[in-house]
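Asker: Need coordinates for the following:
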Amino acid sequence: MKKLLLAVATIGFVLLGVALGRAVTLRSGQAAFLPDAPADLADVNVDAAASRLAGAVRFRTISNLPPQPFDTTAFLGLHAYLEETYPGVHGALSRERVNDLSLLFTWEGTDPGLAPVVLMGHLDVVPIIPGTEEEWSYGAFDGVVADGFVWGRGTMDDKVSVLAILEAVESLVAEGYRPERTLYLAFGHDEEIGGPRGAAALADTIARRSPKLALVVDEGGAVVEDAFPGLTRPAALVGVAEKGFLSVRLRARAEGGHSSMPPATTSVGILAAAIHRLEQSPFPASLDGPTGAMLQTLAPELSLGMRTLLGNLWLFGPLVERVMTGTSTGAAMVRTTTAATMFDGGVKDNVLPIMAEAVVNFRILPGETVESTLDRIRRVVDDERVELEVAYEGAAQDPSPVSDPG
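Answerer: Numbering: from 1, shown residues only. Now for the predicted structure:
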């Protein structure tokens, strides 16, 4: 027994020594020419830019789930507002509507032989939950500028990206600048429901005109501080992939009747049990792919302890996975997530519902697919009384391919 313990301890010390050696020799992958300070923004009128974003927020460009229609007046009103607010953009670039409510701007480059760049954002926002209006610090569509912030739907997701792009292009046009590469500015109108008409049509249009692109920049990452223990500098999280999207409608049927003589389980109970099983059986965590690559890129910038952990995922990967799945943010980075978001059943408190429905949203980790996700959902629910289907058009999309970060 002593020999076995000694052998185990020896192996442990050897592995730890190898891990520490690797940690000490890790070298930063940061470009040496990056500036220590941001560019001078003295010429940017922050108050005016904030006011213009606030104006865009006031248009109720809500993406409703089918079959609820879009408020075309709100979207067309936003189109007109952007045209009035950014005259330089509309004078120097061509603008077209795609499927009526999405916008595509084309800024012709001086060298048609160069592959174009696409800058993306979306005009639509999600609705607010009825009855929560009084809980907002400021009205969701009031576009208030206060306390150093612009308040309202779209200030984070994603009118801020659209307006930031237009602010930059407007400034460049005023300076007489013209790009070498052609630039597409693509602003969809239905991203919040998967982009079945707007985003998809924009992508098809650009692909027909320019099959090869140099770069596509969309919403996503951020510059964060204190995101990891031992990281003393801001870190820019650059997305090289996007999770897939799947919303599944679950439907349970049972015999109706009066609540005074209920069956052992109602349709609501059947469905609630299915959702409980999904929540209690999360998808497995994985550091393969972009998340693991990000952690290993960050490792040389961290303290020795964190560098040892993240620089040796071959050894400490299970520990890192466990720590990350302990928070909602960390878990979302390493697994396909499960979120029950909608539940409907019954019309009166003393009437047994014949049918109950729920919608569960999944964000699919790169490496998995819509089909593999559906297969796992069926296995976990494991109840022939529960029907499953994709919730609506555009509610199923595989993860994007992973771009080469080099």
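
Asker: Can you list the residue ranges for strands in the stretch 251-400 of the chain?
Answerer: 257-258, 337-345, 351-352, 355-364, 386-390, 396-397 (DSSP state E, counting those that start in this stretch).

Asker: which stretch among these comes nearest Ala48?
Answerer: strand 355-364 (36.4 Å; C-beta to C-beta). Quick note: C-beta positions are derived from backbone N, CA and C, even for glycine.

Asker: Only the C-alpha atoms, please, for the closest one, written as CSV.
Answerer: What follows is strand 355-364, C-alpha atoms only, in CSV (Å, rounded to 0.1, in the frame of the first residue of the first chain):
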residue,chain,number,x,y,z
MET,A,355,-53.6,21.0,-23.5
ALA,A,356,-50.6,22.8,-22.1
GLU,A,357,-47.7,24.3,-24.1
ALA,A,358,-44.2,25.6,-23.2
VAL,A,359,-41.3,26.9,-25.1
VAL,A,360,-37.7,26.1,-24.1
ASN,A,361,-34.8,28.0,-25.7
PHE,A,362,-31.4,26.4,-26.3
ARG,A,363,-28.2,28.1,-27.3
ILE,A,364,-26.1,25.5,-29.0
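
Asker: quick one, what contacts Asp71?
Answerer: Shown in contact with Asp71 (C-beta atoms under 8 Å, 6 or more residues apart in numbering): 60-62.

Asker: Name the nearest of those relative to Asp349.
Answerer: Asp349 lies nearest to Ile62 out of those, by C-beta to C-beta, at 31.1 Å.

Asker: For burial, what's the neighbour tally of that closest one?
Answerer: Using other C-beta atoms under 10 Å, Ile62 has 19 neighbouring residues.

Asker: nearest residue to it other than its sequence neighbours?
Answerer: Spatial nearest neighbour of Ile62, excluding adjacent residues (C-beta to C-beta, 6 or more residues apart in numbering): Pro127 at 5.0 Å.

Asker: State the distance from that neighbour to Ser102.
Answerer: 19 Å (C-beta to C-beta, to the nearest Å).

Asker: I figured Leu104 was touching Arg208, is that so?
Answerer: No - with contact defined as C-beta atoms under 8 Å, Leu104 does not count as touching Arg208 (11.8 Å).

Asker: Pass me the low-pLDDT residue ranges in the chain, would you?
Answerer: Counting by pLDDT under 70, the chain contains low-confidence ranges at 1-21, 23-24, 31-42, 406.

Asker: Could I get the full set of helices for the stretch 151-300 of the chain?
Answerer: 159-174, 198-209, 267-280, 290-298 (DSSP state H, counting those that start in this stretch).

Asker: If you count contacts, what does the shortest one end up packed against?
Answerer: For helix 290-298, the packing partners by 3 or more C-beta pairs under 8 Å, 6 or more residues apart in numbering; DSSP states H and E come out as helix 304-310, helix 313-324.

Asker: Tell me which of those helices sits most buried.
Answerer: helix 304-310 (a mean of 19; mean count of other C-beta atoms under 10 Å).

Asker: Centre of the chain to that one, how far?
Answerer: 28 Å (C-alpha atoms, centre = their mean, to the nearest Å).

Asker: That'll do, ta.
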